[in-house]
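# What would the 3D arrangement of this be:
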Amino acid sequence: MKTAFLFPGQGSQAQGMLGESAEAVAETFEEASEALGYDLWALVQKGPVEQLNQTEFTQPALLTASIALWRLWTQAGGTADFVAGHSLGEYSALVASHVLSLTDAVRVVQKRGQLMQAAVPLRAGGMAAVMGLEDDEIIAACRQATLDVESGSVQPANLNAPGQVVISGTQAALDRAIALCQAAGAKRAIALNVSAPFHSELMRPAADDLRATLDQVTFSSPTIDVIQNVLAAPCDDVVLMKAHLVTQLYSAVRWTESIQFLHKAGVTQVVECGPGKVLIGLNKRIEKSMTTANLQNVANISELRAQQS
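The predicted model follows:
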């Protein structure tokens, strides 16, 4: 049986996450806290939640939570044939595959969060979820909306599952695209409560600074195949992997295609490693033949090992 571990992105965080596994994950959180210069575990457990939900804090918190669980899995003798992560989760996947160290990764994603937030003035852009239309229809609506407005643009940001796409862009273009999607028969087309238009061209000003940040850390060859968001396929060239992380900042997360690649590669089980169940929910919409599991606490490890024996 081939297994892929999937690592969640922003939105899966919650105050108190991993609280029931405090002793088991303490060492990993201490390592991350030392790298960041503040007590990450205290923030995750006690908040304030408003701070935890700020992207520069959310990103290292989620990455550390995911890697703490991954380490428990490997210490119990577990492994994976592939790893993949949704947006931020791609950095967790790179740590799991020993491309990046945890210390480097938490510093990089903290900086990534700062750059993403600073790239666009508050309220200058946003994101919206569109459900019930074909991907091609949503892409066409984005193109038309970009043409219809005097300035700005909108584009697909997360191709999450068939009939579920997130779009991102300047506010006027986004509003126009929402209206066009609704007119085309979308079941839902609603603005999301996010602080910036992630995975859009508006993030491009942050690309050079992110590249400079990535150039300061060591990338090693992956020990497990990593499915990169912009390729929807593995890459083992560390120079290209780094370049793809920069491109990912302002490009769509090709999640549907990533799961389809895993299925074609013979993966029969996917495990969401980290807080929440977002990716497992998407997986059931993409490829129902795969079995799914969650690794959210220590108790899940023995259950998962039993399934695989």
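
# pLDDT at residue 309, what is it?
What the model reports as pLDDT for residue 309 is 66.

# Actually, residue 195.
pLDDT at residue 195 comes out at 79.

# where exactly do the strands run in the stretch 51-200 of the chain?
82-85, 125-131, 154-161, 164-170, 188-191 (DSSP state E, counting those that start in this stretch).

# Rebuild those strands as TSV, extending it with distance to residue 301, mean neighbour count and mean pLDDT.
Just so you know, the C-beta spots here come from the backbone N, C-alpha and C atoms, and that holds for glycine as well. What follows is the strands of the stretch 51-200 of the chain, written out as TSV (distance: least, Cβ to Cβ, whole Å; neighbours: other Cβ atoms under 10 Å; pLDDT from 0 to 100):
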stretch	distance to residue 301	mean neighbour count	mean pLDDT
strand 82-85	17	28	98
strand 125-131	33	23	95
strand 154-161	27	25	98
strand 164-170	30	26	97
strand 188-191	36	16	93
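
# Using a markdown table, please lay out those together with distance to residue 48.
Converted to a markdown table, those look like this (distance: least, Cβ to Cβ, whole Å):
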| stretch | distance to residue 48 |
| --- | --- |
| strand 82-85 | 26 |
| strand 125-131 | 24 |
| strand 154-161 | 27 |
| strand 164-170 | 27 |
| strand 188-191 | 25 |
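
# Can you tell me which of those is nearest to residue 247?
Among these, the nearest to residue 247 by Cβ to Cβ is strand 154-161 (13.3 Å).

# relative to strand 164-170, how tilted is that closest one?
Orientation note: strand 154-161 sits at an angle of 160 degrees relative to strand 164-170 (axes from the mean of the first three to the mean of the last three Cα atoms, to 10 degrees).

# any idea how far strand 154-161 is from the chain center?
13 Å (Cα atoms, centre = their mean, to the nearest Å).

# Stretch 250-260 now?
On Cα atoms, centre = their mean, the centre of stretch 250-260 falls 10 Å from that of its chain.

# end to end, how far does it reach?
With Cα to Cα, to the nearest Å as the measure, stretch 250-260 spans 23 Å from end to end.

# Contacts for that stretch, please.
Residues outside stretch 250-260 that contact it (Cβ atoms under 8 Å, 6 or more residues apart in numbering) are 9, 84, 86-87, 135, 155-162, 199-204, 207, 227, 229-233, 270, 282-283, 286-287, 290.

# Just the buried residues of stretch 27-44, please?
Counting neighbours by 16 or more other Cβ atoms under 10 Å, one finds that the buried residues in stretch 27-44 are 28-29, 31-33, 35-36, 40-41, 43-44.

# of those, closest to residue 14?
For the buried residues of stretch 27-44, the nearest to residue 14 is residue 44 (8.8 Å; Cβ to Cβ).

# mind checking which helix or strand the closest one is in?
helix 40-46 (DSSP states H and E).
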